[in-house]
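> Output the structure for:
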Amino acid sequence: MVLTSLIFLTFSIITLIIYFVIPKKLQWIVLLASSLTFLFYNALTVNNVIYVLIILLSAYFGALLVHKYENTKKSKIFLVLSIIIILGELLILKYSNLFIVSANHFNNLFHINKQFNMVSFSSPVGLSYYSLIMIGYIVDVYRKICNPQKNILKCALFMSYFPILTSGPFIRYDKMEKELYTKHKLNYDNLCRGLIRIFWGLFKILVISQRLAIFVNTVYGDISTFNGTYIIIATIFFTLQLYTNFSGSIDIIMGISKIMGIELPENFTSPFFSRTITEFWRNWHITLGAWLKDYIFYPLMKSNFIQKIGNFFKKIFGKKVSKKITLYLSMLIMWILIGIWHGGAYTYIIGSGLLQFFFIFLEDLFGPLSQNINKKIGINTEAFSYKLYQCIRTFILFSFSMIFFRATSVGNAIDIIKHIFVYNPWVLVDNSSLYTAGLDLLDFRVLIISLIAMFIVEGMQRKENVLDKLFRQNIVFRWAIIYLLIFSVIIFGMYGPGYDPATFIYRGF
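Below you'll find the predicted structure:
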């Protein structure tokens, strides 16, 4: 049941109708029923249902026991035990093959005549999301940020709230308790805003992302034929495809929730206007970054392991250098975990993890030097031209790292990079050669106009909420824009033959 499928649209409409028709005190039960239906519909197997129940029961009873024995050693024991169960299941189901591949590489390196066979586990949709969400819930109870939910059905709703299961955003219990369980009225403003955001998400996915996917799949599927400039364009397109696919799904999720009166945390804030990789990741998949900082990075910085390393280097290099070393080490661990979370393969660890750390490390290390050079040669770093250069540089670096994210293996990623340098300038000189990669002239025109429109909206969003600005306009202009958006999706959306909802990039993470 993918977000852009007809069955999900029908499912959501039925849920919304029942949600507002029944007595308001029962609204959370409707959400629970819909969420469990969605979850188990996508679970497909009895084993997957059991895996979901294990996480729910571990988090529910773990939080109760952590709270019951607060301020005692037992509280920490139950905290650790609950996390081990949830994290252990996640690692086994999602990352077993990563460990097996690593073990086989190790054996080959040291000439050990032992190879382990790959395994195949079926895992529930959204396992990575609600596993981390429930770990955060238990930790928050331990930290006394929130009290445990004593009603196991309400706890199940928090874990399985259906719009977020396939792509997030990450939610926290203390922020969502009132949103999920309180009564909500059908509000005209919420309905309009929610519908506009849903269609904006559909516009990103069906009009932009699906077209980009055709070109990207064609080029990356045959890099011997489509090399050089084709690969450069396809790499840029894939970054845009990933963004429109992912942020578009978030828009749909936010829109459905808005109609119900449920406010979710934003997951993107115009990342392509970022001037550094550090800033980029503050604006991309925001809730994942916030989760990792609160539950991994900061505890790691305070851990005895990191503190001992810091004290060791403090004796050799001094306090200032030792702080940097512990900071970089903690960052490295966090970025490796981000890479692993994105998928159980080295391509994700490199593309979404190690390269991002490397770029941020260089920015931090050489940032002061760059500032001094700019100051000495008189470069105005606040000028539009310099900001544009920084945004383009950030986009290029991120796009390069996404070669590994898109590649089927590390070897494939290296081959793609090599084929970039088989230069073919005729792609840019002879426009007709571009049309051999799956998109015709009309598709390119629709794509370019749509991307320009998206970037204009994103630029406006940085200054002011676009929906607030739209709703202040005269009714004729306002509805003209709304109808333009709706008919753009209907007319230019790619949902006929060749459209495959299963290609949703973040589905299954």
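
> any idea of the mean pLDDT in stretch 472-483?
Per-residue pLDDT values over stretch 472-483 give a mean of 92.

> go on, stretch 309-316?
The model assigns stretch 309-316 a mean pLDDT of 91.

> Please work out which residues outside that stretch touch it.
Contact partners of stretch 309-316, identified using CB atoms under 8 Å, 6 or more residues apart in numbering, comprise 321, 322, 323, 325, 326, 329. C-betas here are computed from N, CA, C, even on glycine.

> Can you report how many residues neighbour residue 117?
8 (other CB atoms under 10 Å).

> now the residue lying closest to it once chain neighbours are set aside: how far from residue 241?
Ranked by CB to CB, 6 or more residues apart in numbering and with sequence neighbours excluded, the top spatial neighbour of residue 117 is residue 100, at 7.6 Å. Going from residue 100 to residue 241 by CB to CB, to the nearest Å gives 30 Å.

> likewise residue 285?
16 Å.

> what do you get for residue 160?
29 Å.

> Same question for residue 407.
Taken as CB to CB, the span from residue 407 to residue 241 is 14 Å.

> the more surrounded of these two?
residue 241 (26 against 23).

> from what I can see the more buried one touches residue 217, true?
No - here residue 241 does not reach residue 217: they are 9.5 Å apart, not a contact under CB atoms under 8 Å.

> any idea where the strands of the stretch 151-300 of the chain begin and end?
For the stretch 151-300 of the chain, no strands turn up when DSSP state E, counting those that start in this stretch is the criterion.

> Mind jotting down where the helices sit in it?
152-160, 173-181, 188-202, 210-220, 229-259, 277-283, 286-292, 298-302 (DSSP state H, counting those that start in this stretch).

> so where's the longest helix in the protein?
Longest helix in the chain by number of residues (criterion: DSSP state H): helix 73-109.

> By neighbour count, which bits of that one are buried? Give me those.
The neighbour-count check on helix 73-109 (16 or more other CB atoms under 10 Å) flags 75, 78-79, 82-83, 85-86, 89-90, 93-98, 100, 104 as buried.

> repeat for stretch 185-205
Neighbour count says stretch 185-205 has 190-205 buried, by 16+ other CB under 10 Å.

> give me the number of residues near residue 284?
Using other CB under 10 Å, residue 284 is surrounded by 22 other residues.

> What count of nearby residues applies to the closest residue to it other than its chain neighbours?
Nearest residue to residue 284, sequence neighbours excluded (CB to CB, 6+ apart): residue 271, at 4.2 Å. If you count neighbours by other CB under 10 Å, residue 271 ends up with 20.

> Please list all residues in contact with residue 172.
Residue 172 neighbours (CB under 8 Å, 6+ apart): 133, 136, 137, 140.

> ok, 10 Å please
Residue 172 sits next to 133, 136, 137, 140, 145, 146, 158, 265, 287, 290, 291, 294 when contact means CB atoms under 10 Å, 6 or more residues apart in numbering.

> OK, contacts around the fourth one?
Yep, that's residue 140 we're talking about. Counting by CB under 10 Å, 6+ apart, residue 140 has contacts 63, 66, 146, 147, 148, 172, 173, 174, 294, 295.

> one more time with 7 Å, if that's ok
146, 172, 173, 174 (CB atoms under 7 Å, 6 or more residues apart in numbering).

> contacts for stretch 48-57?
39-40, 43, 85-86, 89, 93, 122-124, 130-131, 134, 155-156, 159.

> Check stretch 98-108 too.
114, 115, 116, 118, 119, 344, 345.

> distance between it and the chain's centre?
A distance of 28 Å separates the centroid of the chain from that of stretch 98-108, by CA atoms, centre = their mean, to the nearest Å.

> and it, what's its mean pLDDT?
Averaged across stretch 98-108, the pLDDT comes to 86.

> hey, C-alpha coordinates of that stretch in CSV?
In CSV, the C-alpha atoms belonging to stretch 98-108 read as follows (Å, rounded to 0.1, in the frame of the first residue of the first chain):
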residue,chain,number,x,y,z
LEU,A,98,25.9,-6.8,6.0
PHE,A,99,27.5,-8.7,8.9
ILE,A,100,27.8,-11.9,6.7
VAL,A,101,29.4,-9.9,3.9
SER,A,102,31.8,-8.3,6.3
ALA,A,103,32.8,-11.6,7.8
ASN,A,104,33.4,-13.1,4.4
HIS,A,105,35.6,-10.1,3.4
PHE,A,106,37.5,-10.6,6.7
ASN,A,107,38.1,-14.3,6.0
ASN,A,108,39.2,-13.5,2.4
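
> could you measure the closest residue to residue 443 other than its chain neighbours against residue 422, distance?
What sits nearest to residue 443 in space, not counting adjacent residues and going by CB to CB, 6+ apart, is residue 211, at 5.5 Å. Distance of residue 211 to residue 422, given as CB to CB: 25 Å.

> Between the two, which is the more surrounded one?
residue 211 (24 against 13).

> Wait, that one touches residue 493, no?
No - the pair residue 211 and residue 493 does not pass the contact test of CB atoms under 7 Å, sitting 9.9 Å apart.

> shaky segments in this protein?
1, 44, 423-432, 496-509 (pLDDT under 70).

> So if we follow the domain assignment, how does it break up?
Annotated domains of the chain cover 18-185, 187-264+415-509, 278-406 [automatic domain parsing].

> mind giving me CSV with those and columns for distance to residue 2?
Formatted as CSV, the domains of the chain follow (distance: least, CB to CB, whole Å):
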stretch, distance to residue 2
domain 18-185, 7
domain 187-264+415-509, 4
domain 278-406, 18
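
> that older thread, any idea how far residue 353 is from the residue nearest to residue 117?
19 Å.

> Count residues in the vicinity of the closest residue to residue 170 other than its chain neighbours, would you?
Closest residue to residue 170 apart from its sequence neighbours, by CB to CB, 6+ apart: residue 287 at 3.8 Å. Neighbourhood size, residue 287 [other CB under 10 Å]: 22.

> Would you confirm that residue 287 contacts residue 269?
No - look at residue 287 against residue 269 with CB under 7 Å: they stay out of range, at 11.6 Å.

> List the contacts of the nearest residue to residue 301 once chain neighbours are set aside.
Nearest-residue entry for residue 301: residue 330, 5.0 Å, with adjacent residues in sequence omitted and distances by CB to CB, 6+ apart. Contacts for residue 330 (CB under 7 Å, 6+ apart) come out as 297, 300, 301, 306.

> Could you dump these into CSV with neighbour count and distance to residue 448 added?
Formatted as CSV, the contacts of residue 330 follow (neighbours: other CB atoms under 10 Å; distance: CB to CB, whole Å):
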residue, neighbour count, distance to residue 448
297, 19, 39
300, 18, 44
301, 18, 45
306, 18, 48
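
> now, which of those residues sits nearest residue 275?
residue 297 (22.4 Å; CB to CB).

> State the distance from the closest one to residue 134.
19 Å.

> sorry, back to before: and the contacts of stretch 98-108, which of them are buried?
344, 345.

> In CSV, list the contacts of stretch 98-108 along with distance to residue 222 and secondary structure.
Below are the contacts of stretch 98-108 laid out as CSV (distance: CB to CB, whole Å; DSSP: H, G, I helix; E, B strand; the rest coil):
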residue, distance to residue 222, secondary structure
114, 37, coil
115, 31, coil
116, 33, coil
118, 27, coil
119, 31, coil
344, 26, coil
345, 22, coil
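
> Next, the contact list for residue 157, please.
28, 31, 32, 35, 180.

> try 10 Å this time
Per CB under 10 Å, 6+ apart, neighbours of residue 157: 28-29, 31-36, 149, 151, 176, 180-181.

> I'd like those residues as CSV, with neighbour count appended.
Below are the contacts of residue 157 laid out as CSV (neighbours: other CB atoms under 10 Å):
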residue, neighbour count
28, 19
29, 15
31, 22
32, 20
33, 16
34, 22
35, 22
36, 18
149, 22
151, 11
176, 21
180, 21
181, 16
